[in-house]
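In: no letters, just coordinates:
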């Protein structure tokens, strides 16, 4: 369970001390609408617990994004592959104040590089709700290319992108 460092951030395992940020993000319906929100406090705690458990079960997961300058985390970035889903994916979430700062691009590049160089994955993929324009914009900046259109277990059809 490796930590990664970028120019501005430490990507590390989530911890109990990160829960206030998880709670704030998931209670905010606008911020978390593409991530299942809004969620109650107990549901947000389960997301944090799920992120930690994913590391144990799959040996990869979502890192907490901690600014190197200090302070609370600003979100999460990493990989998930929920049971029953057809693919693993790069995912990220950011507190509203961190959006538009280049943080998602910076940490996503580090995560992708780690997947290819350390995990030895032949392909890094992502997918998102068709209405998530911000995520689509990030995928374009990352050089993502559409490779499939699939129906997922939650009933949504999504475009799957490969990430170089």
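Out: Now that the structure is in, tell me what you want to look at. Everything numeric in this text was worked out from a predicted model, so none of it was measured. Numbering: from 1, shown residues only.
In: residue 99 - nearest residue in space that isn't next to it in sequence?
Out: Leaving aside its chain neighbours, residue 99 sits nearest to residue 134 (7.1 Å; criterion: CB to CB, 6 or more residues apart in numbering). For glycine as for every other residue, the C-beta is placed from the backbone atoms N, C-alpha and C.
In: now do the same for that neighbour: its pLDDT.
Out: On pLDDT, residue 134 comes in at 94.
In: counting neighbours, what do you get for it?
Out: Neighbour count of residue 134, defined by other CB atoms under 10 Å: 13.
In: next, it: secondary structure please.
Out: Assigned state for residue 134: helix (three-state reduction, DSSP: H, G, I helix; E, B strand; the rest coil).
In: model confidence for the residue nearest to residue 151 when sequence neighbours are not counted, exactly?
Out: With sequence-adjacent residues excluded and distances taken as CB to CB, 6+ apart, residue 151 is closest to residue 157, at 5.1 Å. Listed pLDDT for residue 157 reads 96.
In: tally of neighbours for residue 157?
Out: Close neighbours of residue 157, defined as other CB under 10 Å, add up to 11.
In: check residue 123 too.
Out: Neighbours around residue 123, by other CB under 10 Å: 12.
In: that one against residue 160, yeah?
Out: No - assessed by CB atoms under 8 Å, residue 123 is found out of contact with residue 160, at 10.0 Å.
In: which residues are in contact with the residue nearest to residue 151?
Out: Residue 157 sits next to 130, 149, 150, 151 when contact means CB atoms under 8 Å, 6 or more residues apart in numbering.
In: where are the low-confidence patches of this protein?
Out: The chain contains no residues with pLDDT under 70.
In: mind redoing it with 80?
Out: 1 (pLDDT under 80).
In: how about the residue in it sticking out farthest from the centre, nearest residue that isn't a chain neighbour?
Out: Computed with CA atoms, centre = their mean, the residue of the chain farthest from its C-alpha average is residue 69, at 21.4 Å. Closest residue to residue 69 apart from its sequence neighbours, by CB to CB, 6+ apart: residue 8 at 7.7 Å.
In: re the thing from before, doesn't the residue farthest from the centre of the chain belong to a helix?
Out: No - counting by three-state DSSP, one finds residue 69 to be coil, located in no helix.
In: in strands only, show me the contacts of residue 157.
Out: 149, 150, 151 (DSSP state E).
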